[in-house]
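Trainee: Here is my input, please return the structure:
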Amino acid sequence: MSLRIAGLLVLSVTLASCGEDQPEPPKLVAPTEVSPALARLDSQLEQLNDHLLHSAADSYSQADASLEVLAGSVNQLLDSPDPIALANARQAWREAYSAWLRSRLYGYLPITDPVEWQRAGQGYQTLLMQIDSWPIEGGYIDYLPDYPNTGIVNDLTINISRQTLLDQHGLSDPSAASLGFHVVEFLLWGADDSRQASDFLTLSQPAAATTDTTLVRNQQRRRQYLQLVVEILRQQLGELQQRWQTSDGYYARLLADTSSTAAVNAGLIAAYQLLHNEREKDSVGNQRSEFSHSSESDRQALLQGLQLWLLGEPQDQGVLPTILQQQPELLAQWQQQLADEAITNASLQQLDELLQLMRQTAAQLKLQLPH
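Mentor: Okay, here's the model as predicted:
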């Protein structure tokens, strides 16, 4: 019997409550049928399991650190709203989002969270949808050029609090986002790059020479919203970072305690799903970072994360050099497509070529990819 998605992660335990004995480490159940080529390499795959684990942990740690820098830049903007502070906050957002995208691959690993986390809205996929929901409607967040009173910022009936933002997220449509990186992006850029540093001024700041109390009140709400959404983002990403810590993270334990063959199967399928989903969204014209006009940087960051898992680094070999030892020409094509120069100039055509390479690799390994 063929397995559609090899390497399905199955958790057989749930978290114990505080003060009780810790549960047995979760297991990843090996597929009933695995790729014969990978099975023959089983003795060499253990290091690849470690590579997958450490790549995920390092990527999330870097994303968490970059988000801390963003929070500092936002605080500086709110302390002194001027064009330089706004430019610095925008640059910090770009770097933090790129760091996040380099970890995005690991969100495609088929992880099943404990029921308690799912019920509390703290499951992996729920957090991913809150952290990186896109595309989004800017008018749900703040004013648009022809609609000065639209959005959560300008709707004075909405109390800006953590719970309210959680409740408002995706309330009427997935594009109705109130949380995540792209909400921060819109608050920093606005529609058509219309955001001015003065949008964050308060009456106590010298440059706020206005008697329009409604305008100032909304500026205060905008400041509160920006600071709060960054704080929530830090908390959510920090939670994922802790779950991937190699010492005692829940996801790290799950991966470390499973068979290397199952982990590599799951990692290869995750790489395919990342490429497939990105290409599918691109095909309908969606852009991740449309407000900052930096979607090309998004593609580069995603491929950098893919490069780390598939090819590795000189001191930490990736999965493909090991599993394609008998297919040097195929490996060379991967190395060409994921070279630093190729990633810098990443295009939609390159995504198509990478998808084709992934299908060729799966055929060589007799690994069944999802449809």
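Trainee: Heading C-terminal from the worst-scoring helix or strand of the chain on mean pLDDT, find the next helix or strand.
Mentor: Comparing helices and strands within the chain by mean pLDDT, DSSP states H and E singles out helix 36-40 as the least confident, with a mean of 64. With elements assigned by DSSP states H and E, the helix or strand that comes after helix 36-40 is helix 46-79.
Trainee: and the helix or strand just after that following helix, which residues are buried?
Mentor: Scanning forward in sequence from helix 46-79 by DSSP H and E, the next helix or strand is helix 83-101. Residues of helix 83-101 classed as buried under the neighbour-count rule (16 or more other Cβ atoms under 10 Å) are 85-86, 88-90, 92-101. C-beta: built from backbone N, CA, C; applies to glycine.
Trainee: got it, and stretch 329-344?
Mentor: For stretch 329-344, the buried set under the neighbour-count rule, 16+ other Cβ under 10 Å, comprises 330, 331, 333, 334, 337, 338, 342, 343.
Trainee: Looking at the residues you listed, which are in helices?
Mentor: 330, 331, 333, 334, 337, 342, 343 (DSSP state H).
Trainee: Going by distance to residue 160, which of those residues wins?
Mentor: Top of the list for closeness to residue 160, among those and by Cβ to Cβ, is residue 343 at 38.9 Å.
Trainee: mind listing the strands for the stretch 251-371 of the chain?
Mentor: 312-313, 316-317 (DSSP state E, counting those that start in this stretch).
Trainee: Within the sheet, what are the partner strands of the first one, with directions?
Mentor: Listed by DSSP bridges, the sheet partners of strand 312-313 and their directions read strand 316-317 (antiparallel).
Trainee: quick one on the thing from earlier: any chance of the strands of the stretch 251-371 of the chain in CSV, with mean neighbour count too?
Mentor: Listed next are the strands of the stretch 251-371 of the chain as CSV, based on neighbours: other Cβ atoms under 10 Å:
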stretch, mean neighbour count
strand 312-313, 14
strand 316-317, 14
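Trainee: Please tabulate the ones you listed in TSV, including the columns mean pLDDT and distance to residue 77.
Mentor: Rendered in TSV, the data for these read as follows (pLDDT from 0 to 100; distance: least, Cβ to Cβ, whole Å):
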stretch	mean pLDDT	distance to residue 77
strand 312-313	92	35
strand 316-317	88	37
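Trainee: now these as CSV including distance to residue 256?
Mentor: Conversion of these to CSV gives the following (distance: least, Cβ to Cβ, whole Å):
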stretch, distance to residue 256
strand 312-313, 18
strand 316-317, 16
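Trainee: Low-confidence regions, the stretch 151-300 of the chain specifically.
Mentor: Counting by pLDDT under 70, the stretch 151-300 of the chain has low-confidence residues at 203, 205-217, 283-284.
Trainee: Tell me, how many residues neighbour the closest residue to residue 200 other than its chain neighbours?
Mentor: With Cβ to Cβ, 6 or more residues apart in numbering as the criterion, residue 200 has its nearest non-adjacent residue at 4.1 Å, and that residue is residue 81. Residue 81 is surrounded by 22 other residues when neighbours are defined as other Cβ atoms under 10 Å.
Trainee: can you check residue 125 too?
Mentor: As a burial measure, the neighbour count of residue 125 was computed by other Cβ under 10 Å and equals 12.
Trainee: try residue 253
Mentor: Applying the criterion other Cβ under 10 Å, we find 19 residues in the vicinity of residue 253.
Trainee: Please report the distance of it from residue 62.
Mentor: When Cβ to Cβ, to the nearest Å is the yardstick, residue 253 and residue 62 sit 21 Å from each other.
Trainee: What of residue 178?
Mentor: Counting by Cβ to Cβ - residue 178 and residue 62 are separated by 26 Å.
Trainee: Ok, residue 344 next?
Mentor: In this view, residue 344 and residue 62 are 19 Å apart by Cβ to Cβ.
Trainee: Equivalent analysis for residue 301, please.
Mentor: The gap separating residue 301 from residue 62 is 11 Å, by Cβ to Cβ.
Trainee: Now the common contact residues for the two.
Mentor: Taking Cβ atoms under 8 Å, 6 or more residues apart in numbering as the contact rule, the neighbours common to residue 301 and residue 62 are 99, 102.
Trainee: in the stretch 201-350 of the chain, which spans are helices?
Mentor: Shown for the stretch 201-350 of the chain, the helices assigned by DSSP state H, counting those that start in this stretch span residues 213-243, 250-256, 260-283, 295-310, 319-323, 328-337, 340-344, 348-365.
Trainee: quick one, the third one and helix 295-310 angle?
Mentor: For helix 260-283 against helix 295-310, the angle between stretch directions is 170 degrees (axes from the mean of the first three to the mean of the last three Cα atoms, to 10 degrees).
Trainee: Likewise for the first one?
Mentor: Relative orientation of helix 213-243 and helix 295-310, computed by the same axes, to 10 degrees: 10 degrees.
Trainee: For helix 213-243, buried residues please.
Mentor: Buried residues in helix 213-243 (16+ other Cβ under 10 Å): 215-216, 218-223, 225-230, 232-234, 236-237, 240-241, 243.
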